[in-house]
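K.L.:
When you get a sec, could you give me coordinates for this:
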Amino acid sequence: MIKPELPVLASTLERLDALERDPRLSAKELEHALTLDPALTIAVLHRAVNVHHRHIDSPITTLLQAAMMLGIAPIRNLAAELPRAEDSLSETHLGMYKTALGRAALSGRFGLFIARERRELEPGEIALSSLLAPLGELALWKVAAANMCEFERLRRQAGVHPQQAAHIVFGTDIGDLGHTLAASWGLPELLQTTLSLHQALTPRQTAPILASRLAWHALGDWQTLRAEADLRACARHLDLDFNTLIQHIDDIVGEFETETAALYDLPTLQVLSGTQMREMPPPPKPLVCSAPDQDWITLGRQRLERAGTPADIVQALSETLYNGLGMDRVVFARYSKDEDGERLETESLLGTDYEYGFHNIRLPLGEGQFFSQLLKKPAGVWLRGPDDSRLAKLVPSELIELSGTDRFFCLSLFAGDTPLGIVYTDRRHADCALTETQFAAFKRLGALAINRLRTLTA
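P.N.:
Sure, this is the predicted structure:
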């Protein structure tokens, strides 16, 4: 798509017609109307950031700014130019598309709440990025509605992770699509950085992801994978008592449902106070396990051999482990040392947008700790859980709690005699067990990366 032309709801045009006839219309009311149809929001933002204003240099960061800049008549005309969802989608596709729009709209409400609770965050900015957090998925409804229906169907099954559903349906991860579109369309900086899933996240970038997760769980009656973990992460993010957070969420969901009951044809939403939340339920057994791809491994070896910088080596290795070896998560944590001590900090990630806690790893290193030992020389290790009790007791409990597994591969990388950091990778579930064949391939790829680093830093 050269410009965003996602299908808008017919009710959106009716709402804009009514607002255009209102002589007392305010920019706030226009902004609110736009939040109810994320498809139109995307088009409005694109138009606003690409209008040439000779005397205006400040960037557009909120939907209110875009609404004030364009005004009701241009926005109504823009909406009329866009395809109507009711005309361009089949009945089956339309229902799921409306659900996707409703989920995005609810995410915007949660983002507004999170920003107001955090105080230092700008509410309009966070609300907008929360509203458009599923930008890539919304865009795919325009060009691949049948695939998106299958993607939604798979993703709703408890044993299928979003990345696995995307690989099954599209043959690749679609997580980067939102970032690519936001950057090419010139959408706000916070949205772009939030959708860049392979980097460490600040609290400002974490807020829209949390909001998006809460919206997903709300439409899944709070019985979705990691609902409990995400709720507790949100409570920590906002420094709120868990029961207080639940009450706030119930209020938001209730108000949203009252206002939009007929708009998205959503079923009655379950409030948390009436839901039996289990204490960190075990993850369901996976329905699919990612398979190795020899073509990707061959390509990865070629990329490693050509890599010209340490960053290129880390990227090539990480992508080969993820796409070629069939690993579920790959994290590169960089080593750093200062007066406060030694630590590992997240720098790049693959497959972890669903468990955003990986984006904020800041792991202190201590004498005798597993990673401290590993960082004494380049080496690849397989942690086998209780089967390797000597090493298992040295692994930080924070990592096991975050990952949900005590079985993983890891590799220490060096630039000369200086440690660069650790590459960590796992399969999430014991049912998708790591194998000797995978570890042999992991060691071969790791050895190639280590040798390339030696060559570059010699």
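
K.L.:
from here on, contacts and neighbour counts on C-alpha atoms
P.N.:
OK.

K.L.:
center of this protein, which residue is that?
P.N.:
Asp353 (3.8 Å; C-alpha atoms, centre = their mean).

K.L.:
ok, now which ones touch the closest residue to that residue other than its chain neighbours?
P.N.:
Nearest non-adjacent residue to Asp353, counting by C-alpha to C-alpha, 6 or more residues apart in numbering: Leu197, 6.1 Å away. Applying C-alpha atoms under 8 Å, 6 or more residues apart in numbering to Leu197 gives the contacts Gly175, Asp176, Leu349, Leu350, Thr352, Asp353.

K.L.:
cool, and Arg24?
P.N.:
So Arg24 contacts nothing (C-alpha under 8 Å, 6+ apart).

K.L.:
quick one: it and Glu31, what's the gap?
P.N.:
14 Å (C-alpha to C-alpha, to the nearest Å).

K.L.:
hang on, Arg454 packs against Gly416?
P.N.:
Yes: with contact defined as C-alpha atoms under 8 Å, Arg454 and Gly416 form a contacting pair (6.1 Å).

K.L.:
May I see the buried residues of the helix or strand of the chain with the lowest mean pLDDT?
P.N.:
Within the chain, no helix or strand scores below helix 389-392, which has a mean of 83 by mean pLDDT, DSSP states H and E. Neighbour-count burial for helix 389-392, counted by 16 or more other C-alpha atoms under 10 Å, picks out Ala392.

K.L.:
hang on, the earlier thing: doesn't the residue nearest to the centre of the chain belong to a helix?
P.N.:
No: counting by DSSP: H, G, I helix; E, B strand; the rest coil, Asp353 is not part of a helix but coil.

K.L.:
Phi and psi next, for it.
P.N.:
The phi and psi values for Asp353, taken as degrees, to the nearest 10, are phi -60, psi -20.

K.L.:
Distance check, it against Arg334.
P.N.:
19 Å.

K.L.:
again with Leu399
P.N.:
With C-alpha to C-alpha as the criterion, Leu399 and Arg334 are 15 Å apart.

K.L.:
Would you mind telling me which of the two has more residues around it?
P.N.:
A count of neighbours by other C-alpha atoms under 10 Å puts Arg334 above the other of Leu399 and Arg334, at 19 against 14.

K.L.:
Quick check on the more buried one: phi, psi?
P.N.:
Dihedral angles of Arg334 (phi, psi; degrees, to the nearest 10) stand at phi -80, psi 140.

K.L.:
in the stretch 201-350 of the chain, which spans are helices?
P.N.:
All helices of the stretch 201-350 of the chain, identified by DSSP state H, counting those that start in this stretch, fall at 203-219, 227-238, 242-260, 294-306, 310-319.

K.L.:
so what does the first one touch, helix or strand wise?
P.N.:
For helix 203-219, the packing partners by 3 or more C-alpha pairs under 8 Å, 6 or more residues apart in numbering; DSSP states H and E come out as helix 91-118, helix 123-131, helix 189-194, helix 227-238.
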